[in-house]
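> what follows is a predicted protein model with its sequence.
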Amino acid sequence: MSEDSNEVKLFALSTCVHCKNTKQYLEEHGVDYKCVFVDQLEGDERKAVLEEIRAHNPKLSFPTLVCGNGRVIVGFHKEDIKEALHL
């Protein structure tokens with residue numbers, strides 16, 4: 001999978017409050033990002049996404065925010081997101 005060096009991906013669960021807070025924070029700051037709700041995927045697609053997350057976050061915890069610059073932020077940490085995305 002080729003990734004844009006500026007791409008931001010949020011791996012989240014649709015029922016997770018920390019995931020919702022991360023989405024809201026990104027939207028409030030005008031960050032262009034792709035959100036994947038892992039709990040809404042099935043079959044091979046779900047397996048592939050879980051492997052992608054595991055490469056960044058072996059614990060498979062959520063939210064997992066993957067920044068195009070290689071930075072990975074696990075959990076909702078405003079200051080880390082702000083620093084990683086230069087907000």
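It's in.
> measure the residue lying farthest from the centre of the chain to L50 for me?
Distance from the centre of the chain peaks at G43, with 20.2 Å (Cα atoms, centre = their mean). Computed as Cβ to Cβ, to the nearest Å, the G43 to L50 distance reads 11 Å. For every residue, glycine as well, the C-beta is placed using N, CA and C.
> how about V8?
19 Å.
> assign the residue most central in space within the chain to helix, strand or coil.
Taking Cα atoms, centre = their mean, the centroid of the chain lies closest to L10, which sits 2.0 Å from it. With DSSP: H, G, I helix; E, B strand; the rest coil as the basis, L10 sits in strand.
> show me the contacts for the nearest residue to it once chain neighbours are set aside.
Nearest non-adjacent residue to L10, counting by Cβ to Cβ, 6 or more residues apart in numbering: C35, 4.6 Å away. Counting by Cβ atoms under 8 Å, 6 or more residues apart in numbering, C35 makes contact with 9-10, 12, 23.
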